[in-house]
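Q: Provided below are the primary sequence and the corresponding predicted coordinates.
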Amino acid sequence: MIAVDERAERIAHDFPILARRTSRGKRLAFLDSAASSQKPRAVLDALVNFYERDYANIHRGVYELAERATNAFEGAREKVAGFINAEPAEIVWTRNTTEAINLVSFSWGMQNLRPGDAILTSQLEHHSNLVPWQLLAAKTGAELRFIEVDEFGIHRLDDLDRKLEGVKLVAVSHVSNSLGTILPLAEIVPRAHAAGAVVLVDAAQSVPHMEVDVRALDVDFLAASGHKMCGPTGIGFLYGKRALLEAMPPFLTGGDMIKSVGYEQTTFNEIPWKFEAGTSNIADAVALGAAVDYLQEIGMGWIRDHERSLTAYALERLRELEPRGLAVYGPPAGTERGGIISFNFGDIHAHDLASLLDVEGVAVRAGHHCTMPLMEKMGWPATARASFYLYNTEEDVEQLISALHKAAQIFKLA
Ligand code: C6P
């Protein structure tokens with residue numbers, strides 16, 4: 001048993017859903033945290049407690065309850081800011097990563113891009129970090145370019161260098177949701193800045209799993225989702241450097257984002273509220289603050305180490321199925337990757353495979369993982385994907401391996 005596994009077993013007890021059996025009476029091996037993570041009791045309690053004790057609308061009332069709600073909401077912003085080493089004013093609440101990227105595309109992009117400019121993204125991006133740039137390019141006349149990835153999904157830095165001319169924005173993910181590739185931001189960001197570009201990082205798959213320090217990375221924008229980091233759905237955030245956010249026009253308009261309004265014109269609120277029109281998702285933001293407390297208490301360093309060991313163990317165990325036709329994708333074994341493993345098994349379609357695993361209590365995602373262009377480039381119609389988080393243990397990996405052996409028997413693979 002790996003050394004950190006006992007702690008993960010204890011952690012799993014914090015997540016009520018993980019104790020549930022499937023309808024077939026199987027132990028649940030939840031290996032789909034890249035899609036959305038489960039929630040610990042501390043976060044569920046924070047949500048209920050806030051509604052039961054502190055709930056009112058924020059930034060408006062002068063009564064005690066409204067002040068408590070405002071303090072909890074802004075306190076959660078401070079926690080998120082501290083988590084990634086930002087200032088609270090640099091954290092804008094959004095619904096999720098997707099909305100955060102759209103905010104930058106609409107607000108910064110429409111203000112800063114012209115025909116002749118270019119946006120540089122990569123070939124392995126999630127649709128959320130691709131479609132907004134396609135639309136922005138169409139609206140502004142800017143060109144959209146892609147950093148090539150090799151057959152392991154690793155970025156070719158020579159290709160990045162070749163394509164930086166005229167680039168105003170580099171928009172890349174930190175960790176690929178389909179392959180687990182960790183992008184070399186330390187290489188990409190200085191090169192992009194030297195070329196005069198602003199850098200946006202889609203951190204949906206990194207902020208929940210490793211220490212992310214926006215100052216050390218020197219990124220200009222960073223987007224993440226609460227639901228992938230033990231928080232509730234419907235809340236995420238955009239980090240933006242103060243000067244950039246201050247210079248940007250608002251995204252949505254209406255209440256709370258204004259300083260003063262006349263019949264003819266309006267002056268806008270300061271950052272971050274300038275970008276938060278209407279009543280916010282108050283309670284979920286507060287619960288995300290509790291999720292940050294929970295993760296920090298465990299330690300992001302420990303979480304990363306745990307996922308690294310578990311992923312290495314899973315890759316090693318999966319090798320025993322290679323003679324029967326199992327193919328694992330992404331960075332080669334022995335190199336750094338996030339806690340994500342995409343694979344196919346013989347000629348079993350990934351959806352059929354995921355259904356067979358489900359019968360055994362193993363929850364994995366199957367499909368294109370919202371990276372259709374990458375799947376097409378690689379020539380995979382779909383993949384099955386197992387992803388790990390702080391509550392997964394070797395037992396989950398054993399359950400996956402034994403379910404794969406059963407699938408091989410059913411499909412009579414060698
Ligand atoms: N990936 C997955 O199963 P939202 O939906 O806005 O919270 O996150 C979008 C998103 C953006 N970037 C990356 C790298 C992502 O992985 C995701 C979400 C999930 O892989 C659901 S498609």
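A: On my side now, so go ahead.
Q: could you list every residue that touches Gly289?
A: By C-beta atoms under 8 Å, 6 or more residues apart in numbering, the contact list for Gly289 reads 46, 72, 75-77, 79-80. Backbone N, C-alpha and C define where each C-beta goes, glycine included.
Q: Can you say which of these are buried?
A: Among these, those scoring as buried are 46, 72, 76-77, 79-80 (criterion: 16 or more other C-beta atoms under 10 Å).
Q: Past whichever strand or helix holds Asp159, which element shows up next along the chain?
A: Assigned by DSSP states H and E, Asp159 falls within helix 157-163. Per DSSP H and E, the first helix or strand lying C-terminal to helix 157-163 is strand 167-173.
Q: So what are the sheet partners of that following strand and their directions?
A: strand 118-122 (parallel), strand 198-202 (parallel) (DSSP bridges).
Q: so how far is the helix holding Asp159 off the chain centroid?
A: Per C-alpha atoms, centre = their mean, to the nearest Å, the displacement of helix 157-163 from the mean C-alpha position of its chain is 25 Å.
Q: Could you check it and say which residues are buried?
A: Neighbour-count burial for helix 157-163, counted by 16+ other C-beta under 10 Å, picks out 159-160, 163.
Q: Quick check: residues of the stretch 301-414 of the chain near the ligand?
A: 365, 369-370 (C-beta under 6 Å from any ligand atom).
Q: anything in stretch 159-173 near the ligand?
A: Yes - using C-beta under 6 Å from any ligand atom, stretch 159-173 comes into contact with the ligand via Ser173.
Q: So for that stretch, mean pLDDT?
A: For stretch 159-173, the mean pLDDT works out to 97.
Q: quick check, nearest of the buried residues of helix 157-163 to Pro16?
A: Leu160 (44.6 Å; C-beta to C-beta).
Q: Need the nearest residue in space to that closest one, chain neighbours excluded.
A: Leaving aside its chain neighbours, Leu160 sits nearest to Ile147 (4.9 Å; criterion: C-beta to C-beta, 6 or more residues apart in numbering).
Q: can you map out the helices along the stretch 1-150 of the chain?
A: For the stretch 1-150 of the chain, applying DSSP state H, counting those that start in this stretch gives helices covering 5-12, 41-49, 64-83, 97-104, 110-112, 131-140.
Q: Find the one among those helices with the highest mean neighbour count.
A: helix 97-104 (a mean of 25; mean count of other C-beta atoms under 10 Å).
Q: Can you list the neighbours in contact with that helix?
A: Contacts of helix 97-104 (C-beta under 8 Å, 6+ apart): 92, 94, 128-129, 132, 171, 200, 202-204, 221, 223-225, 236-238, 240, 251, 275.
Q: Dump the C-alpha coordinates for stretch 161-178 into CSV.
A: C-alpha atoms of stretch 161-178 as CSV (Å, rounded to 0.1, in the frame of the first residue of the first chain):
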residue,chain,number,x,y,z
ASP,A,161,8.0,30.5,-31.0
ARG,A,162,7.2,30.4,-34.7
LYS,A,163,3.6,31.5,-34.2
LEU,A,164,4.1,34.4,-31.7
GLU,A,165,4.5,37.2,-34.2
GLY,A,166,1.5,39.6,-34.0
VAL,A,167,-0.1,37.6,-31.1
LYS,A,168,-2.0,39.8,-28.6
LEU,A,169,-3.4,36.9,-26.5
VAL,A,170,-2.1,33.5,-25.6
ALA,A,171,-4.9,31.3,-24.1
VAL,A,172,-3.9,27.9,-22.9
SER,A,173,-5.0,25.4,-20.3
HIS,A,174,-2.7,24.5,-17.4
VAL,A,175,-3.6,20.8,-17.3
SER,A,176,-5.4,19.0,-20.2
ASN,A,177,-8.7,17.5,-19.2
SER,A,178,-8.4,14.8,-21.9
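Q: what's the neighbour count on Phe343?
A: Phe343: 21 surrounding residues under other C-beta atoms under 10 Å.
Q: quick one: it is in a strand?
A: Yes - under DSSP: H, G, I helix; E, B strand; the rest coil, Phe343 falls within a strand.
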